[in-house]
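Student: please work out how this folds:
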Amino acid sequence: MDPSLQSLTGVLEQANGRLNAGSHAAARVWPTGFEVLDKHLNGGFRSGELILLGGPQGLGKTTWVLQAARNIARAGRSVVFFSFEHDPQTLLIRLVSLEAGELGGVEAPGINRIRQSFEAADGRAGSIDERLEDTDGGAGAIKSVHDYSDRLALHRSIGSSTSLEVIRNAMEDVQRDTGQLPFVIVDYLQKVRVLEQTNSEEDRVTHIVEGLKDLALDTDVPIIAVVAADKSGLQAGKRMRVSDFRGSSALAYEADAVLMLNNKFDVVARHHLMYNLGNAERFRDWTVLTIEKNRSGRDGVDLEFQKRFEQGRFESTGRTVVEQLVDDRIFVE
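Tutor: Coordinates of the predicted model:
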């Protein structure tokens, strides 16, 4: 019998089996740690979902997914982060800076100061935490990272070799090490290697997004992938949408949820800038996160989070956008 074929009776029995074993619906929900977003996602991402995150260059996509990874690992669940853009030490430095910012606030050491300690370029001696002892939150940040370091695995991914099969195998390795199948982050989707011969980027991207969707369903964990934009989505002052994703219309169809980051200054309506020029600089400090698609709840929701990019993080206490937003900025400085 085809193992993919299952009667509704069998599905119902499995659901009852999970309940009798003490499992419940909450185990299938993975909070992101961004409370206002989790509220609109009905608790967070769901097992078996494929989530895509897009946005213009420099808007903090890696920062956002790394912070979500950290939040999930701190909550006691396993995460594996496939990074095509950064080596593990760079990601570790960002995490230490994030933790320092959470502990010490805006006075905490930023990424550059943390990097100096990691590279012995700070004129000090001793271990990393000793080098950060005199900073607000620096030494404590090392301990904070240690608390979840066994649950957050970093994979140095390479476009010439990291395929869907490599991703699946790494997930199984993490499961053996931690006893849990991990939440998966791919940064970013278009760089995953496709083993089959294809004639176009559209075919490649279709193969990758369909493969990630199948993997999420097969393993029953959420997978979030960062997606690159095409040229139309990189224009200054343009509000990036799902249609600006690079490669394939399958990106919009296969995803269960799509989140989009945009610079608030670029997408706020003109009258908010005309009559209060002080808003211009204030809006530059905020990123709008839009729920473009959401099969498990509401979509078309615009939220905003304050940037702390010098510390490799967002303020996690975001809020709903109250200003009117537009598709393309029409204000000219």
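Student: how about Leu152, nearest residue that isn't a chain neighbour?
Tutor: The shortest distance from Leu152 to any non-neighbouring residue, by C-beta to C-beta, 6 or more residues apart in numbering, is to Ala73 (4.2 Å). Bear in mind the C-beta positions are built from the backbone N, C-alpha and C, glycine included.
Student: next helix or strand past the one helix or strand that neighbour maps to?
Tutor: Ala73 is located in helix 61-74, with elements delineated by DSSP states H and E. Going down the chain from helix 61-74, the next helix or strand is strand 79-83, by DSSP H and E.
Student: could you give the angle of that following strand to helix 61-74?
Tutor: Interaxial angle, strand 79-83 versus helix 61-74 (axes from the mean of the first three to the mean of the last three C-alpha atoms, to 10 degrees): 160 degrees.
Student: so after strand 79-83, what's the next helix or strand?
Tutor: Next along from strand 79-83, by DSSP H and E: helix 88-104.
Student: what does the average pLDDT come to for that next one?
Tutor: The pLDDT scores in helix 88-104 average 95.
Student: helix or strand right after that helix?
Tutor: Downstream of helix 88-104, the first helix or strand assigned by DSSP H and E is helix 111-118.
Student: report the buried residues of that following helix.
Tutor: Across helix 111-118, burial judged by 16 or more other C-beta atoms under 10 Å covers 111, 113-118.
Student: what of stretch 172-190?
Tutor: 174-175, 178, 181-190.
Student: what's the farthest-apart pair in these?
Tutor: Maximum pairwise distance among the buried residues of stretch 172-190 (C-beta to C-beta): 28.6 Å, between Thr178 and Gln190.
Student: which of the buried residues of stretch 172-190 fall within helices?
Tutor: Counting by DSSP state H, the buried residues of stretch 172-190 place 174-175, 178 in helices.
Student: going by distance to Ile223, which of these wins?
Tutor: Among these, Val174 lies closest to Ile223 (C-beta to C-beta), at 13.2 Å.
Student: pretty sure the residue nearest to Leu152 contacts Tyr148?
Tutor: Yes. The pair Ala73 / Tyr148 is scored as a contact, 4.0 Å apart, by C-beta atoms under 8 Å.
Student: neighbour count: the two, which is higher?
Tutor: Ala73 (24 against 21; other C-beta atoms under 10 Å).
Student: list the contacts of that one.
Tutor: With contact set as C-beta atoms under 8 Å, 6 or more residues apart in numbering, Ala73 has these partners: 79, 148, 151-152.
Student: which residue, neighbours along the chain excluded, lies closest to the residue nearest the centre of the chain?
Tutor: The C-alpha lying nearest the average C-alpha coordinate of the chain belongs to Val65 (C-alpha atoms, centre = their mean; 2.1 Å). Closest residue in space to Val65, ignoring its immediate chain neighbours: Ile185 at 5.0 Å, by C-beta to C-beta, 6+ apart.
Student: now the helix holding Ala73: average pLDDT?
Tutor: In this model, helix 61-74 carries a mean pLDDT of 98.
Student: what angle do it and helix 88-104 make?
Tutor: Interaxial angle of helix 61-74 relative to helix 88-104 (the same axes, to 10 degrees): 70 degrees.
Student: in CSV, list the C-alpha atoms belonging to helix 61-74.
Tutor: Only the C-alpha atoms of helix 61-74 are listed here, as CSV (Å, rounded to 0.1, in the frame of the first residue of the first chain):
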residue,chain,number,x,y,z
LYS,A,61,16.1,40.0,7.1
THR,A,62,19.1,38.0,8.5
THR,A,63,18.8,40.0,11.8
TRP,A,64,15.1,39.2,12.1
VAL,A,65,15.4,35.4,11.4
LEU,A,66,18.5,35.1,13.7
GLN,A,67,16.6,36.8,16.5
ALA,A,68,13.6,34.5,15.9
ALA,A,69,16.0,31.5,16.0
ARG,A,70,17.4,32.8,19.3
ASN,A,71,13.9,33.3,20.8
ILE,A,72,12.8,29.8,19.8
ALA,A,73,16.0,28.2,21.2
ARG,A,74,15.7,30.1,24.4
